[in-house]
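Asker: Sequence plus the predicted model coming up.
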Amino acid sequence: MDTFVNFHKALMELSHSPAFINRERQHKLAALTALCAKQLEVARVSVWRFPEQRDHIESEWLHTPDGATSQAASFHQTANPEYFCALESERVLSVPDAQKDPRTSAFAPDYLVPRGICSILDAPIFDGARLSGVVCLESTTHRQWTLPEISFVIAIADTISLMNTHEDWLDSKQALEYATRYDSLTGLLNIKSLRDRIGYLIDKLERRGLGSLALIWVDVDRLKTINDGLGAQVGDNVIEEIGQRLKQINVPGKDLLARIGGDEYALIIRNRTQPDTLEQTAAKIRHEVSKPIRLNGHALTVGVSLGICHLPGDCDNTEELLRGAEAAMYNAKHQGRGRACFFDSSIQVSARSRFELENDLRVAIKEQKLDVFYQPITDASGASVESVEALVRWHHPDRGWLAPIEFLDIARGGGLMYALGECVLRRVCEQWRWANKRQITLPEVSVNLAPEQVLVAELPGSIKRICAEHAVPVKMLHFEVTEDALQGDLSTISSLLEELVDAGAQLSIDDFGTGYSSLSRLKGLPFARIKIDRSFISDLPDDEDDCAIILSILGLARGLGLSVVAEGVETDAHEKWLRGQGCDYLQGYLYSRPLSFDQLIERFFTSQ
């Protein structure tokens, strides 16, 4: 017992010392293997790890009486099958006669005998729940490993396992920090970082009582034409190239560049905010962006519209500066694109109107006054309604019915998307419960999840709580997630989506083909369905490129075991071609426009 206690006391003293905790991994491995060699009086102590392929094991660290090294050595599974099998099944290998034991004898000619190794003791190292390597003791004398010795080596291995977990946590934390503050497509800072920087600079200006800022809002003109004509990937390449050009451009007072939307960027200018200087800056930006972009044999030329807002002068705080620059940019577009506009009093009226609309929307969400319309999704024949998609609508008290395009950007800019999503789900649940009480059987309801919702860990709990409040089974819901929402930390997103699926919901990738998904990302996420974006449907069956894209998506879906919905089906020709290619579900004006809940019930479910 004293031996057992002494072993573990020595390990505790080492692993809890600041000199150990604050060192890099290799220094920690050196200390742990040296401690093990000293306490157990063994010649060689090494740490081995499995690479990603897991077809061999390789040395990460070796302690010997002559010193320590990280020089790589490896053993392959094909040459040592019994050893690898024993690692997976037994985990702890206590081998008194390593040269004759069937588990390790394959090592004898080239490894054990030349080094005079007689006995081996291996203890498993884990990375989470996965076996990731071993701590290996190699004795040059024959030893029957005792229980205290085995326990001590396991404790050493467990310490390295904890190091792995901590390192994974640090890596995921860094990845999450990157996803939170940077744009995944361009590598530029995102709008959160932009807001933080503006806030910091405004505080600094107020403390010092001098200085100025200008925000230049840059919007790419007619990017949709490129997406529609050459494909979304080319559009993404254009966005990346413009981002790099803006990053490299040298203009007076340049402080921070961020990508703040699909094809929008913002540039902070400090102190050098005189009108003539900013006009020169805007002209240089337009000149650099307008240079031809060569992609896939095409020479593309794009322009930009710019909006410029000052602080102080035009506004007093971060949000006003952002809104003012955006409003000035829209004014530039209205004047004919490809130009720069300064914020002024006439634009202020438009900006104030947008601000008022945001406040009205905030009230409508809080008071649950948003409406939901439903569009049927049919089977491949177009005859049977298999499910319905819930689409948000807003009846403004003064402006009447507003389409989503008129207020969703305002909701996104005002940080209201998560609350808006909850409001829509509550209305869906209320109407489902109303129908259920009257023995009206509604099909599965598809509800859209915004990227702002998918990044919130509390989302599954919120959905389950809202469903429980209205006695709606979660399995009646099918959540649609756009590709853009999948660009954050994959492990976090996967965990959140898995929780929704475990609760009974199904998941679709919405607007497939217009975002940044890759096959590797899709394979690891629990989707049941792909929705092909309407932009690929409108020219069927005459557009050969669109036909090829859809056939590729259908093949991808079949390979992954996913069903496919085509949205935007408006003609018999669309329906005939899609049905002929084996598309599972169809959605579009050919079958029905979005309907109010009462219209939906009357048209499709009154005969029940």
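Answerer: That came in fine, so what should we check first? Numbering: from 1, shown residues only.
Asker: ok, now which ones touch R44?
Answerer: Taking Cβ atoms under 8 Å, 6 or more residues apart in numbering as the definition of contact, the neighbours of R44 are 37, 62-64, 115, 117, 136-140. (C-beta placed from N, C-alpha, C; glycine too.)
Asker: element containing V134?
Answerer: Element membership for V134 (DSSP states H and E) is strand 130-139.
Asker: Could you do V363 as well?
Answerer: Counting by DSSP H and E, V363 is part of helix 345-366.
Asker: quick check: domain ranges of this protein?
Answerer: When the chain is parsed with automatic domain parsing, its domains come out as 2-179, 191-343, 377-390+442-605.
Asker: quick one on the thing from earlier: show me what the strand holding V134 is packed against.
Answerer: Using 3 or more Cβ pairs under 8 Å, 6 or more residues apart in numbering; DSSP states H and E as the contact criterion, the neighbours of strand 130-139 among helices and strands are helix 25-40, strand 44-49, strand 56-64, helix 81-90, strand 119-127, helix 147-181.
Asker: so can I have a markdown table of these showing mean pLDDT and distance to I549?
Answerer: Below are the helices and strands packed on strand 130-139 laid out as a markdown table (pLDDT from 0 to 100; distance: least, Cβ to Cβ, whole Å):
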| stretch | mean pLDDT | distance to I549 |
| --- | --- | --- |
| helix 25-40 | 86 | 46 |
| strand 44-49 | 89 | 42 |
| strand 56-64 | 87 | 41 |
| helix 81-90 | 84 | 44 |
| strand 119-127 | 87 | 39 |
| helix 147-181 | 72 | 28 |
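Asker: These: which one's closest to R294?
Answerer: The minimum distance between R294 and the helices and strands packed on strand 130-139 falls on helix 147-181, with 29.5 Å, by Cβ to Cβ.
Asker: Give me the buried positions along the very next helix or strand once past the closest one.
Answerer: Using DSSP H and E, the helix or strand that directly follows helix 147-181 along the chain is helix 191-208. Going by neighbour count (16 or more other Cβ atoms under 10 Å), the buried part of helix 191-208 is 191, 193-195, 197-198, 201-202, 205.
Asker: do stretch 234-249 as well
Answerer: Using 16+ other Cβ under 10 Å as the burial criterion, the residues of stretch 234-249 that qualify are 234-243, 246, 249.
Asker: Quick one: low-confidence residue ranges for the stretch 351-500 of the chain.
Answerer: Low-confidence segments of the stretch 351-500 of the chain, defined by pLDDT under 70, span residues 351-354, 413, 484-490.
Asker: try 80
Answerer: Under the criterion of pLDDT under 80, the regions of the stretch 351-500 of the chain flagged as low confidence span 351-355, 382, 399, 402-403, 405-406, 409-410, 412-415, 451-452, 455, 482-493.
Asker: Would you map the helices across it?
Answerer: Secondary structure of the stretch 351-500 of the chain (DSSP state H, counting those that start in this stretch): helices at 404-413, 417-437, 451-454, 459-469, 490-502.
Asker: Relative to R25, which of these is closest?
Answerer: Comparison of the helices of the stretch 351-500 of the chain against R25 by Cβ to Cβ identifies helix 490-502 as nearest, at 21.3 Å.
Asker: So which elements touch that closest one?
Answerer: Here helix 490-502 touches helix 147-181, helix 451-454, helix 459-469, strand 506-512, going by 3+ Cβ pairs under 8 Å, 6+ apart.
Asker: Using PDB, write down the CA coordinates of it.
Answerer: Listed next in PDB are the C-alpha coordinates belonging to helix 490-502 (Å, rounded to 0.1, in the frame of the first residue of the first chain):
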ATOM      1  CA  LEU A 490     -19.200  21.900 -37.000                       C
ATOM      2  CA  SER A 491     -19.100  20.000 -33.700                       C
ATOM      3  CA  THR A 492     -21.300  22.600 -32.000                       C
ATOM      4  CA  ILE A 493     -23.800  22.700 -35.000                       C
ATOM      5  CA  SER A 494     -23.800  18.900 -35.200                       C
ATOM      6  CA  SER A 495     -24.600  18.500 -31.500                       C
ATOM      7  CA  LEU A 496     -27.400  21.000 -31.700                       C
ATOM      8  CA  LEU A 497     -29.000  19.400 -34.800                       C
ATOM      9  CA  GLU A 498     -28.600  15.900 -33.300                       C
ATOM     10  CA  GLU A 499     -30.500  17.000 -30.300                       C
ATOM     11  CA  LEU A 500     -33.400  18.200 -32.500                       C
ATOM     12  CA  VAL A 501     -33.400  14.800 -34.300                       C
ATOM     13  CA  ASP A 502     -33.300  13.000 -31.000                       C
END
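Asker: From the chain's centre, how far out is that helix? Work that out for me.
Answerer: Using Cα atoms, centre = their mean, to the nearest Å, the mean C-alpha position of helix 490-502 is found 11 Å from that of the whole chain.
Asker: show me what contacts F597?
Answerer: Applying Cβ under 8 Å, 6+ apart, the residues contacting F597 are 372-374, 431.
Asker: Restricting to C-alpha, output the strand holding V134 in CSV.
Answerer: Extracted as CSV, the C-alpha positions of strand 130-139 are listed here (Å, rounded to 0.1, in the frame of the first residue of the first chain):
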residue,chain,number,x,y,z
ARG,A,130,-11.6,7.1,-28.5
LEU,A,131,-8.4,5.1,-27.9
SER,A,132,-5.7,7.4,-29.2
GLY,A,133,-2.5,5.8,-28.1
VAL,A,134,-0.6,4.1,-25.3
VAL,A,135,2.0,4.7,-22.6
CYS,A,136,4.6,1.9,-23.0
LEU,A,137,7.1,0.7,-20.4
GLU,A,138,9.9,-1.5,-21.8
SER,A,139,12.1,-3.3,-19.3
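Asker: now I463: how far from Q581?
Answerer: With the distance defined as Cβ to Cβ, to the nearest Å, I463 ends up 34 Å from Q581.
Asker: more neighbours, these two?
Answerer: The neighbour count for I463 versus Q581, taken as other Cβ atoms under 10 Å, is higher for I463 (24 against 17).
Asker: so who does the more buried one touch?
Answerer: When contacts are counted by Cβ under 8 Å, 6+ apart, I463 is found next to 425, 474, 477, 500, 503, 505.
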